[in-house]
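*Asks:* Structure for this input, please:
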Amino acid sequence: MDLVGACRAFVSVSERGSFTVGAAAARMSQSVASRRVAALEERFGEPLFERTSRRAVLTPFGRDLLPTARQLVQAADVLLSEAEAAHRKPWRLAVPGICPTAALARLVAEAREHGVTLDLRVAPPAQRRELIHAQQVRAALLAVPADEAVWSVPLGLATARDPGVRRVYLETLRLGRGTTGPARRVWIQPEDDVPHIRDPLTRLRDALGLRPAQLVAAADLTSAAAEALGGHDLLLCSPAQAAELGLVWRPIGELALSRGFALTAAADGNPRHLRARLGEAIGRCLGADVQAVPADTRAAARDTGTATADVRPDTAGGRTTAPEIQTIRARIRPTAAEGKTT
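*Replies:* Just a heads-up that it's a prediction; the model follows:
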């Protein structure tokens, strides 16, 4: 028996002294109201009304139960109202600054189709972690190592001109004897200035004998992209970002890097239903879906982690041999504890 529904019919009929009028006020048919009141009477073993042809008059038993039945109905209404308000409560979500405005707008629109209201807060990696710890947001897309990630985005190097190879090797940036002109630099944008991305690149730089100034952490994406667009420097970025900026993207020859993201909720939240409903849309927003980028860039992204037959130009008197590459990779291999952010 629907106890709340039965009590609602009982209270409405008692207040109006009529099954017809009371049922209409409770937004149910007269037959439904009659069945629900009859079910209550059967359950309690006593009649609640003295029925006449014109009026429904409470019995002494019915008068005794009416206050409690009214409290039950009112409590149920409050519960329903609170549940609806909680359902409408926005999910304040901290997101990376790498997400294009159009992608964020599509994410918000798709969330509304699933009955979820998103309130987005754009922030760099460290600030997103601080926001979730301080419970200033309900959830955050945190930068995590690849083995902890729900969404992974391949990273490579992008330039204004086609390099003419399927992979870009950082060893080609090393200045040889007699080389004139400024050294080419690799720019790291704020989203990638995290230990599990920055540290392997730093070790690779040192292992290859590049200058410290050839690996630069930019203050913002705009500045880093401008250096790549206006000169010979390279931008560490995803295929989708390169396509948006009009750059040519290639994977890094010496190592495979990727952005990892995981959805984490504050202490009072559970992100599972958010991830279940919006997982694909979040992935597209982060650039995990590379279908919208040029075909050659998609092929390069798929090629990340596979062997290639790229020809690297001679630097510093000769091309690095295969055994030397293996030695470099061993030197830049992360330790067991690396990449864990706190």
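*Asks:* now for the longest helix along the chain, which elements pack on it?
*Replies:* Determined from DSSP state H, the single longest helix within the chain is helix 60-88. When contacts are defined as 3 or more CB pairs under 8 Å, 6 or more residues apart in numbering; DSSP states H and E, helix 60-88 sits against helix 3-16. C-beta coordinates here come from the backbone N, C-alpha and C atoms, glycine included.
*Asks:* pLDDT (mean, whole number) over the following helix or strand past the helix it packs on?
*Replies:* Using DSSP states H and E, the helix or strand that directly follows helix 3-16 along the chain is helix 19-25. Here helix 19-25 scores 91 as its mean pLDDT.
*Asks:* Repeat that for stretch 149-159.
*Replies:* In this model, stretch 149-159 carries a mean pLDDT of 95.
*Asks:* Phi and psi next, for the closest residue to Ser18 other than its chain neighbours.
*Replies:* Among residues not flanking Ser18 along the chain, Ala56 sits closest, at 6.0 Å (CB to CB, 6 or more residues apart in numbering). Main-chain dihedrals, Ala56, degrees, to the nearest 10: phi -120, psi 110.
*Asks:* Equivalent analysis for Arg92, please.
*Replies:* With angles defined as degrees, to the nearest 10, Arg92 sits at phi -80, psi 110.
*Asks:* same deal with Val95?
*Replies:* Torsion angles, degrees, to the nearest 10, at Val95: phi -120, psi 160.
*Asks:* hang on, isn't it packed against Ala139?
*Replies:* No. Using CB atoms under 8 Å, Val95 makes no contact with Ala139, being 9.7 Å away.
*Asks:* Who are the contact partners of Ala225?
*Replies:* With contact set as CB atoms under 8 Å, 6 or more residues apart in numbering, Ala225 has these partners: 235, 245, 247.
*Asks:* In the helix or strand where Ala226 lies, which residues are buried?
*Replies:* In the assignment (DSSP H and E), Ala226 maps to helix 221-229. When burial is assessed from 16 or more other CB atoms under 10 Å, helix 221-229 yields the following buried residues: 221, 224-228.
*Asks:* Check stretch 84-99 too.
*Replies:* Going by neighbour count (16+ other CB under 10 Å), the buried part of stretch 84-99 is 91-96, 98-99.
*Asks:* One more: stretch 231-251?
*Replies:* 233-245, 247-251.
*Asks:* quick revisit: quick one: which of the buried residues of stretch 84-99 is nearest Leu215?
*Replies:* Ile98 (19.2 Å; CB to CB).
*Asks:* pretty sure Ala183 contacts Leu170?
*Replies:* No. Contact criterion CB under 8 Å: Ala183 and Leu170 do not qualify, at 11.7 Å.
*Asks:* now the helices for the stretch 151-300 of the chain?
*Replies:* Counting by DSSP state H, counting those that start in this stretch, the segments of the stretch 151-300 of the chain that form helices are 195-208, 221-229, 239-245, 272-286, 295-302.
*Asks:* Ala109: neighbour count?
*Replies:* Counted with other CB atoms under 10 Å, the neighbours of Ala109 add up to 11.
*Asks:* For beta bridges, what are the partners of Gly260?
*Replies:* Ser152 (DSSP bridges).
*Asks:* which residues does it contact?
*Replies:* Taking CB under 8 Å, 6+ apart as the criterion, Gly260 is in contact with 143-149, 151-153, 196.
*Asks:* can you put those residues in JSON lines and add neighbour count and distance to Ala134?
*Replies:* Rendered in JSON lines, the data for the contacts of Gly260 read as follows (neighbours: other CB atoms under 10 Å; distance: CB to CB, whole Å):
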{"residue": "Ala143", "neighbour count": "25", "distance to Ala134": "17"}
{"residue": "Val144", "neighbour count": "22", "distance to Ala134": "19"}
{"residue": "Pro145", "neighbour count": "19", "distance to Ala134": "23"}
{"residue": "Ala146", "neighbour count": "15", "distance to Ala134": "27"}
{"residue": "Asp147", "neighbour count": "10", "distance to Ala134": "27"}
{"residue": "Glu148", "neighbour count": "15", "distance to Ala134": "22"}
{"residue": "Ala149", "neighbour count": "18", "distance to Ala134": "23"}
{"residue": "Trp151", "neighbour count": "23", "distance to Ala134": "24"}
{"residue": "Ser152", "neighbour count": "17", "distance to Ala134": "27"}
{"residue": "Val153", "neighbour count": "26", "distance to Ala134": "27"}
{"residue": "His196", "neighbour count": "23", "distance to Ala134": "23"}
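*Asks:* Brilliant, that's me finished.
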